[in-house]
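Visitor: I would like the atomic coordinates for the input below:
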Amino acid sequence: KWLAAEKRVGQETSLPDPMAEIAPGSQENEYTFSQGIPFPVKLYEKGKMAQAEAKAASLNYSIIRRDVMLKLTEAYYDLYFVDASIDTIGEIKGLLKRFESIASTRYSNLSGTQRDVAKAQAEVSMSIEKFYELEQKRESIIAVVNALLNRDPLESLGKTVLPPKPVLKPLPEIEGPQT
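Guide: Numbering: from 1, shown residues only. Coordinates of the predicted model:
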């Protein structure tokens, strides 16, 4: 829309198309050419209006672009959070598996209770459930990212990494008026 609005400026400020006519039925070929010339201020005002519309379309484009960038940034950080959560749940699941094996060993040696084994198994199954929930959430966030980037929603993304922190440069010192 923005590029089309910019092209309209030239169309609005140009003269109307000339007209050519051939007189019908006469023995001699008579040609008539005419060109409409509007009042110059009218073309100028039409051009100003078209430029204002082009500027509005440009600003609208900037707003939409910023909105898409904001949504994409939020989706990326959500994806980073989910990836980090999946890694953490994986580590927790590994620890819980060790606890489960320890509880099973203690129970088989008659030094532990069956209740401890059941608790450890319940915790492992809850961590597996949380892992699958996070995997589903990851897939939906990837679909949002792909939609924002106008790509196939089923296209996969690699593991996210935290972007580096921006380095701010100090502002140059401004010299005041000489006193």
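Visitor: use CA for all of it now, contacts and neighbours both
Guide: OK.
Visitor: measure the closest residue in space to residue 104 that isn't next to it in sequence to residue 91 for me?
Guide: The shortest distance from residue 104 to any non-neighbouring residue, by Cα to Cα, 6 or more residues apart in numbering, is to residue 117 (5.8 Å). Noted for residue 117: a distance of 19 Å to residue 91, by Cα to Cα, to the nearest Å.
Visitor: quick one, which of those two is more surrounded?
Guide: residue 117 (20 against 13; other Cα atoms under 10 Å).
Visitor: Could you check how far that one is from residue 133?
Guide: 24 Å.
Visitor: Please apply the same query to residue 108.
Guide: Distance, residue 108 to residue 133, by Cα to Cα: 33 Å.
Visitor: what do you get for residue 126?
Guide: On the measure of Cα to Cα, residue 126 and residue 133 end up 11 Å apart.
Visitor: Show me what the longest helix seen in the chain is packed against.
Guide: Longest helix in the chain by number of residues, with DSSP state H as the criterion: helix 40-108. In terms of contacts (3 or more Cα pairs under 8 Å, 6 or more residues apart in numbering; DSSP states H and E), helix 40-108 is packed against helix 2-13, helix 114-148.
Visitor: Out of these, name the one with the poorest average pLDDT.
Guide: When the helices and strands packed on helix 40-108 are ranked by mean pLDDT, helix 2-13 comes last with a mean of 80.
Visitor: Report the inter-axis angle for it versus helix 40-108.
Guide: If you take axes from the mean of the first three to the mean of the last three Cα atoms, to 10 degrees, helix 2-13 sits at 180 degrees to helix 40-108.
Visitor: Now helix 2-13 - C-alpha only, CSV.
Guide: Taking Å, rounded to 0.1, in the frame of the first residue of the first chain, the C-alpha atoms of helix 2-13 are listed here in CSV:
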residue,chain,number,x,y,z
TRP,A,2,2.8,2.3,0.8
LEU,A,3,4.6,1.8,-2.5
ALA,A,4,1.3,2.2,-4.4
ALA,A,5,0.6,5.4,-2.5
GLU,A,6,4.0,6.8,-3.5
LYS,A,7,3.3,6.0,-7.2
ARG,A,8,0.0,7.8,-7.0
VAL,A,9,1.7,11.2,-6.3
GLY,A,10,3.0,11.3,-9.8
GLN,A,11,-0.3,10.3,-11.3
GLU,A,12,-2.2,13.0,-9.3
THR,A,13,0.1,15.8,-10.3
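Visitor: what pairs with the helix or strand following it, and is each one parallel or antiparallel?
Guide: As assigned by DSSP states H and E, the chain's next helix or strand after helix 2-13 is strand 19-22. The strands beside strand 19-22 in its sheet (DSSP bridges) come out as strand 31-34 (antiparallel).
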